[in-house]
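Visitor: no FASTA, just this:
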Ligand SMILES: Cc1cc2nc3c(=O)[nH]c(=O)nc-3n(C[C@H](O)[C@H](O)[C@H](O)COP(=O)(O)OP(=O)(O)OC[C@H]3O[C@@H](n4cnc5c(N)ncnc54)[C@H](O)[C@@H]3O)c2cc1C
Ligand SMILES: Cc1cc2nc3c(=O)[nH]c(=O)nc-3n(C[C@H](O)[C@H](O)[C@H](O)COP(=O)(O)OP(=O)(O)OC[C@H]3O[C@@H](n4cnc5c(N)ncnc54)[C@H](O)[C@@H]3O)c2cc1C
Ligand SMILES: Cc1cc2nc3c(=O)[nH]c(=O)nc-3n(C[C@H](O)[C@H](O)[C@H](O)COP(=O)(O)O)c2cc1C
Ligand SMILES: Cc1cc2nc3c(=O)[nH]c(=O)nc-3n(C[C@H](O)[C@H](O)[C@H](O)COP(=O)(O)O)c2cc1C
Ligand code: FES
Ligand code: FES
């Protein structure tokens, strides 16, 4: 049997990605750092390290610690700020052979606006990921996406300022993530991406001290994959815009799982540190999976999870398991 | 140097535990199942499998699946119901050489009341753990502890019905667990215990089906330890009643970490399946740690985490990391 | 049932991907019955998190030395890690666990094995021979290479089937079973069936037996956490008439793994 | 810098808990400088999650064959897993990474090694000898058994110190350094210090150097995730005068691991 190559293209708002595999924010810097390790021409795109209005030095050390099948980080959005970004990073980003999604985060609505205008004006971004979910900056960081009203406020303010697709990046540290996703959708988000890291903590019993310089940080890596899948599953049932799934993708088959649950695209994170070829491997596996499934397009796999009707389901964040 | 043996006793309301190590609900059945594997006379006590008003057959298979450093379960509180409990389990529990904490869960306030009265009347319980946090029964399960008002309603209704210490068991699947803990404290809880499992999901990409019979289940095991520590850390700063910490305790030093963060006692869960001697090993390690620290009592270790003032801290669920 | 230390005496790949593991156990380990299993920590490391249940292929006692044998396939991370354990490695296990095969007096036992499901049936056949009870051993596998243990079976008649026809009957072991029955030699009063193998096969054997009123026990598999009846993680769905429809789920680990095959709701068993 | 496959040529315990690992690397692996490191996947399994950074103890080139050497201690799970990798095991690494030692022309290099921190300094000493540059090698360890590599050092003077007095000076290598300086042989214009070892020692050496205006480079250690400057997980705190106070954190992986020891805020370095 011969099959035509399945199409790997997916759409996120007005942006068409050549395949659904992205590298997550905070993992690959601005692309250049990994240029000898990741073949960017093979993947869908990258999300830049989050850019803030003003330069940030980040949090005191230690900023990373490994846990069981996971890692905690408390980077604190170290970045050159909007001006530094435009000056130093944009020229480099322009040369990248893949879609560039620029991640931004403000401490208030005005900063979000400045960032969206600045990034939009630079012409380098194919889309903007609105990071309203970082647990490592405060006091506003987590608030914007733990509260539907605040999420609405930000999204409504920035929506008129750009034609670029806006992707709202959500925190999983909430009771009902579907509510926040729906609020973002209602205020013009073209897509939502999730999950950002889970708030976690590590302690050194010998020194009796917290290990991270900031006491708490964000958990990522394979440990969180089951949690991330459940959050994506919850959100895909609550919104109509594309959902970009991530959290613990370590093997190419993990990427397939996120697609089946309903992600239109996926982002590879922490596991790239160990395996820089992971994103490319995910693209290959998605292609061969689609071929084996004999579907003409990867779009046919999105949300193709087979959930028997009599089984339980989540709707809008409530677990409805059969008695 | 010779030191007197440090005292391992801790108090949870009016109950004094001979040491701070318990086995968590759902792990050890009603004690008997593990009697040849766990020396109950060495540990502080056990928490029974949650009892409901009516017998429950539990959820359809599969109910457990292993994930990276964790497991998902969707047992669905299989139990003999209050009458069955009183008839079959109470006589056995009476013989156990350790404290018995009976876990109960109702589908409405009336059921909680019936359960508390029934269990209290049996005379077998040293305390009652009020499970308002199981993700595996619906539609009410999670709701009671994802909403402070509903938690208040349950706790206020049952408080007058018993003299026994009431321990409210909390779900981590909420935005601000400290609020729920504070609500339970205000309504008469003698202690809070946390965390119950995190909602998670597993998918089999070969069959394109969810692995669990109920699609989603609860994640436990080492993967969640950093998340559980952060939740305990958040709660200990919000309430004055004792906090019983759990989530991913796998090595005896993990138990120490929970004490340092502020747990008055700990519960051993999933890891006991692999290492039935874990609870006893935790008792030994706590004793030798206290001895090495040269403290007269384990109480001196509770909350003894050394957090430099200039470092960030969580208060009532907000991450306040330094800029 | 006890938690006991054990050490790897041998861990040998006897067919591609299939290993025979011999573990020395202390005297604290009770003499197991065929069909019982052990809950094995496959590695001294904390990964994988859970133990894995394995049926016993045999139990050896020589003087003061006791050992159990397990026949396993490498399929996932637990079995992969197990396959890497060298001779001398210290592990531990809980066992013997569960309910084994319970033959009735004065009946011929018809053993129906599929692939590596042969393991507990080899143990069972040895026991039947010891007790001088008649049995018939029907064994199906993909090819001759996977017919582990046949040469060792004594005291009963053996019929083989392979999917590729490399040895014995070219077809499924279910056909062998049907032919045996069609020969008219056995009746529900003179014979009973004991089976172990892929659940698809067990389902077919169970339907065959139920249709003819033959007593039939099957050894089941499924995920387990505690393996001692405490966690309720291993429910066996039963047919409506047998308390099914969610009315009650027996725990595979203590009410099984060997169960009356005709009351199991195979459609709902994963 | 590249991602390259590598295979274990030798992984030998040369002192209790201390291993010398030789890894064959392909030609795609660039010739490293002393002080540079590699980011090693310590196991083909997915556990542990992150790679571990290791300074190079040496680089060997014979004909077409290239190999790197790492000297490591077993302290946690990464190094424990690494110690279990047998000869022939395939792994992979990213490297060479970071900035190595940068000696100034016409100065004597004073190498101050503490314990297993000797590794990059042994590599460095070999390079100095090749370039026929004068150096002094001060090496302190807990006991004579931990004085790995001394016998191999050529081309420079060596002074040893042990905590237990089992060989050389009975005391710390810092004392050796002070004595050297007190001898009056060296001045900040004729000599400079290169040090690697526990951060406590590096801190003391840095203070000594700063107090006398001596140029001093130290090779740092700390947790890393990407090791290529992307994640910002490896901040080095600097003293207020040097842009510290949180004004800027250089990334240890690309601006280090060898850095000017006198600008590092050792109090805030974990
Ligand atoms: C009572 C009892 C007796 C048993 N006796 C035996 C015996 O004698 N011999 C024997 O070999 N086994 C036996 N088993 C099965 C055994 O316990 C293990 O389940 C088996 O070894 C596989 O474990 P694993 O850790 O290698 O696979 P796991 O990693 O746990 O995977 C379990 C199954 O899931 C599949 N799987 C894993 N990952 C994925 C994925 N991402 N997507 C889709 N599928 C996946 C695997 O192919 C495998 O079939 C028995 C089980 C029970 C309950
Ligand atoms: C540039 C650079 C070069 C390096 N060069 C070398 C080298 O040449 N040789 C070498 O041996 N190492 C070197 N290291 C260190 C090395 O990268 C590893 O950190 C080291 O091998 C320990 O890793 P591990 O996984 O074994 O320990 P981990 O498990 O990661 O633990 C790291 C540290 O934390 C401690 N720890 C672990 N668990 C706990 C706990 N629960 N409570 C308290 N403490 C705990 C351990 O004792 C250990 O010191 C270098 C590091 C860097 C950044
Ligand atoms: C070191 C590190 C830095 C991160 N920085 C950012 C960031 O700046 N902005 C952001 O939106 N997410 C950031 N994240 C979160 C990731 O983009 C991703 O949401 C998360 O790690 C979950 O995916 P994973 O489990 O595959 O890593 C960071 C994650 C890590 C590990
Ligand atoms: C198989 C299983 C069954 C459980 N059943 C219950 C239960 O009936 N009631 C309850 O309050 N918690 C139940 N739990 C949750 C545990 O008590 C505990 O809160 C959780 O597993 C986290 O701890 P761990 O990571 O150490 O397992 C169950 C957990 C598991 C794994
Ligand atoms: S595995 Fe726990 S009850 Fe069977
Ligand atoms: S480890 Fe990632 S920037 Fe240094």
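Guide: That came through, no problem. The structure displayed is predicted, hence computed values, not measured ones. Residues are numbered from 1 along each chain as shown, chains lettered A, B, ... in the order given. Ligands and ions are numbered 1, 2, ... in the order given.
Visitor: Quick check, residue A:207 in contact with residue B:306.
Guide: Yes: using Cβ atoms under 8 Å, residue A:207 makes contact with residue B:306 at a distance of 7.4 Å. All C-beta atoms are positioned from the backbone trio N, CA, C, and that covers glycine.
Visitor: can you pull out the strands in the stretch 101-250 of chain A?
Guide: For the stretch 101-250 of chain A, the strands defined by DSSP state E, counting those that start in this stretch cover A:127-131, A:166-169, A:191-194, A:198-201, A:203-204, A:209-210, A:216-220, A:243-246.
Visitor: of these, which approaches chain B most closely?
Guide: Chain B lies closest to strand A:198-201 among those, at 3.2 Å (Cβ to the nearest Cβ).
Visitor: What ranges in the stretch 201-323 of chain A fall below the confidence cut-off?
Guide: Where the stretch 201-323 of chain A drops to pLDDT under 70, the residues are A:309-323.
Visitor: which residues touch the residue in it that chain D sits nearest to?
Guide: Per Cβ to the nearest Cβ, residue A:273 is where the stretch 201-323 of chain A lies closest to chain D, at 4.9 Å. Applying Cβ atoms under 8 Å, 6 or more residues apart in numbering or on different chains, one finds that residue A:273 lies in contact with A:27, D:50, D:51, D:225, D:226, D:227, D:231.
Visitor: what secondary structure does it sit in?
Guide: helix (DSSP: H, G, I helix; E, B strand; the rest coil).
Visitor: Grab the nearest non-local neighbour of residue C:198.
Guide: Of all residues not flanking residue C:198 in the chain, residue C:114 sits nearest, at 5.5 Å (Cβ to Cβ, 6 or more residues apart in numbering or on different chains).
Visitor: make that residue A:242, sorry
Guide: Closest residue to residue A:242 apart from its sequence neighbours, by Cβ to Cβ, 6+ apart: residue A:264 at 3.6 Å.
Visitor: just checking, the one you found touches residue A:192?
Guide: No: applying Cβ under 8 Å as the test, residue A:264 and residue A:192 come out as separate, 10.2 Å apart.
Visitor: Overlap of the contact sets of these two?
Guide: With Cβ under 8 Å, 6+ apart, residue A:264 and residue A:192 have common neighbours A:242, A:243, A:244.
Visitor: burial of the closest residue in space to residue A:228 that isn't next to it in sequence, as a residue count?
Guide: Nearest residue to residue A:228, sequence neighbours excluded (Cβ to Cβ, 6+ apart): residue A:247, at 2.5 Å. Residue A:247 is flanked by 31 other residues according to other Cβ atoms under 10 Å in any protein chain shown.
Visitor: For residue A:247, give its distance to residue C:88.
Guide: Residue A:247 sits 40 Å away from residue C:88, going by Cβ to Cβ, to the nearest Å.
Visitor: okay, the strands of the stretch 101-250 of chain A in a markdown table with distance to ligand 5 and mean neighbour count next?
Guide: Below are the strands of the stretch 101-250 of chain A laid out as a markdown table (distance: least, Cβ to the nearest ligand atom, whole Å; neighbours: other Cβ atoms under 10 Å in any protein chain shown):
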| stretch | distance to ligand 5 | mean neighbour count |
| --- | --- | --- |
| strand A:127-131 | 42 | 28 |
| strand A:166-169 | 39 | 28 |
| strand A:191-194 | 33 | 28 |
| strand A:198-201 | 28 | 28 |
| strand A:203-204 | 31 | 21 |
| strand A:209-210 | 36 | 23 |
| strand A:216-220 | 28 | 31 |
| strand A:243-246 | 31 | 30 |
